[in-house]
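In: return atomic coordinates for the entry below.
(2 chains)
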Amino acid sequence: MAVSQTSEGYALPCGRALEALWEDLEAGTAGRPGSHEQDCPHCLTALSGLVALRDATRELTAAPVAVPPRLTGRIMAAVRAEVRRTRLLPLPAAGLEPGGEAVISEQAVAVVLRFAADGVDGVRARRCAVRPRDPGQAPDGMPGWVDVEMTLAIRYGISPGEAVLAAVRRAVLAAADARIGLRVARCDLLVEDLWSAPAPGED
Amino acid sequence: MAVSRPTAVPADRGTPAGRGTTEGPGFPGPDELDDATLAARAGEGDVDAFEELVVRHQEPVYRLALRMLGNAAEAEDVTQDSFLAAWRGLPTLRAQAAFGGWLYRLTVNRCLNVLRARRPVAELDPATLRSTRPDEQPEAAAESGAQVAALSAALQLLTPEQRACWVLRELQGCSYEEIAGIVDATAGAVRGRIARSRAVLAEVMRPWR
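Out: Prediction:
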């Protein structure tokens, strides 16, 4: 195929740009009766290469790719091997020996609190920060209080108003208390996004 | 609360069939959450949320790496490496909604590094190119269909940058603007690389017509 480079790309000896020919091929208008390429040997030669390329490209796109069977496991093993520093929160620990301390990771608490928020219809919890509150600043001056800051995505169509936020707050407080033994002094919620449910059958 | 969730216990993932679908309405499992929510959670260290992102994106990422590298073992390494880089980078990713594009970018960059470390490819001039016998190249032989095998082999004739742009455009269906964002080039440069790739590939593929 004889082409020369021009500022617009590659031109055939007849002056036609290869890209223009490709666009006609894609649009299904290449080689129509009366068109230039119908009688142009340069265009016809180029067109045969482009058609072969297009057909092979379609076949390659459709060809199934076998993902190695243990790929997910390999990736997750590498991920779990990475220790990510996490803040530890002190738990109010009744019955421990003096000097003993029970702690729980902020991540573990966040998982429980997000899950509690997810239980409110249309709510998906995203970020969740949990900070221990100094006993001196706690409502009753005792340890075991935390401040929670959570961002939420709300299903489109649900009013992100006080009713939803109050339900989330209730769920978060209840889960912190019942499932972990932490009391929430302050729970800041921020709606940062809307999401829409996929239509039935849609993935 | 009456409902307990396995998410608090990372070791217990159960079988794939049990993933996230049994708790009933109101408690979406990881597979029902959108990418942005999963990315936000994974950024805070939620391993289960990240695993769902892996399950969701590993096929397109592996496919992209395989088409760019033409080698299954290298593609698997790049896929693993890209997800690990994503795990490390997620805490600082601000635009969680852009997770997919960001992951592609991590993957393409790693593929380019692998390709650049190989024997340098002399830039081909499509005007003087003679069709080779790509069907004899061993890496392509595993593909079904001689024409597809020829195309896979012909891709190895492109420079890494050309190949990245062509694969993203023609096999992944990305727009010129998306590709420009992924490979850090202008849309015009992307257009030029794809045009050049097309000229080379069309010439190599012509005998298959």
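In: would you tell me which helix is longest in the chain?
Out: Picking chain A for this. Determined from DSSP state H, the single longest helix within chain A is helix A:41-62.
In: meant chain B actually
Out: helix B:47-69.
In: only alpha carbons, please: show the helix or strand just after it as CSV.
Out: Later in the chain than helix B:47-69, the nearest helix or strand by DSSP states H and E is helix B:72-89. In CSV, the C-alpha atoms belonging to helix B:72-89 read as follows (Å, rounded to 0.1, in the frame of the first residue of the first chain):
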residue,chain,number,x,y,z
ALA,B,72,-0.7,-14.1,29.2
ALA,B,73,1.9,-14.4,32.1
GLU,B,74,2.9,-10.8,31.7
ALA,B,75,-0.7,-9.7,31.5
GLU,B,76,-1.5,-11.5,34.7
ASP,B,77,1.4,-9.8,36.5
VAL,B,78,0.4,-6.4,35.2
THR,B,79,-3.2,-7.0,36.3
GLN,B,80,-2.1,-7.9,39.8
ASP,B,81,0.3,-5.0,39.9
SER,B,82,-2.3,-2.5,38.8
PHE,B,83,-4.9,-3.6,41.4
LEU,B,84,-2.2,-3.4,44.1
ALA,B,85,-1.3,0.1,43.0
ALA,B,86,-5.1,0.9,43.1
TRP,B,87,-5.3,-0.4,46.6
ARG,B,88,-2.4,1.8,47.7
GLY,B,89,-3.6,4.8,45.8
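In: who does helix B:72-89 touch, helix- and strand-wise?
Out: The contact analysis (3 or more C-beta pairs under 8 Å, 6 or more residues apart in numbering or on different chains; DSSP states H and E) places helix B:72-89 against helix A:71-81, helix B:47-69, helix B:99-117. In short, each C-beta sits where N, CA and C put it, glycine included.
In: hey, which of the ones you listed is tucked in deepest?
Out: helix B:47-69 (a mean of 22; mean count of other C-beta atoms under 10 Å in any protein chain shown).
In: just checking, what packs against it?
Out: helix A:71-81, helix B:35-43, helix B:72-89, helix B:99-117, helix B:160-166.
In: any idea how far the fourth one is from the chain center?
Out: How far helix B:99-117 lies from its chain's middle: 8 Å, per C-alpha atoms, centre = their mean, to the nearest Å.
In: same for that helix, what does it pack against?
Out: helix B:35-43, helix B:47-69, helix B:72-89, helix B:160-166, helix B:176-183.
In: list the contacts of the first one.
Out: So the one you mean is helix B:35-43. Contacts to helix B:35-43, defined as C-beta atoms under 8 Å, 6 or more residues apart in numbering or on different chains, come from residues A:114, A:124-127, A:151, A:153, A:193, A:195, B:30, B:49-50, B:52-53, B:56, B:87, B:90-93, B:96-97, B:99-100.
In: which of those are buried?
Out: A:114, A:124-127, A:151, A:153, A:193, A:195, B:30, B:49-50, B:52-53, B:56, B:87, B:90, B:96, B:99 (16 or more other C-beta atoms under 10 Å in any protein chain shown).
In: out of the helices and strands packed on helix B:47-69, nearest to A:Ile158?
Out: helix B:35-43 (15.3 Å; C-beta to C-beta).
In: now the closest one against helix B:99-117, angle please.
Out: Angle of helix B:35-43 versus helix B:99-117, following axes from the mean of the first three to the mean of the last three C-alpha atoms, to 10 degrees, is 70 degrees.
In: still on that earlier bit, could you export the helices and strands packed on helix B:72-89 to JSON lines, including columns for distance to A:Ser105 and mean pLDDT?
Out: Below are the helices and strands packed on helix B:72-89 laid out as JSON lines (distance: least, C-beta to C-beta, whole Å; pLDDT from 0 to 100):
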{"stretch": "helix A:71-81", "distance to A:Ser105": "14", "mean pLDDT": "93"}
{"stretch": "helix B:47-69", "distance to A:Ser105": "12", "mean pLDDT": "94"}
{"stretch": "helix B:99-117", "distance to A:Ser105": "24", "mean pLDDT": "92"}
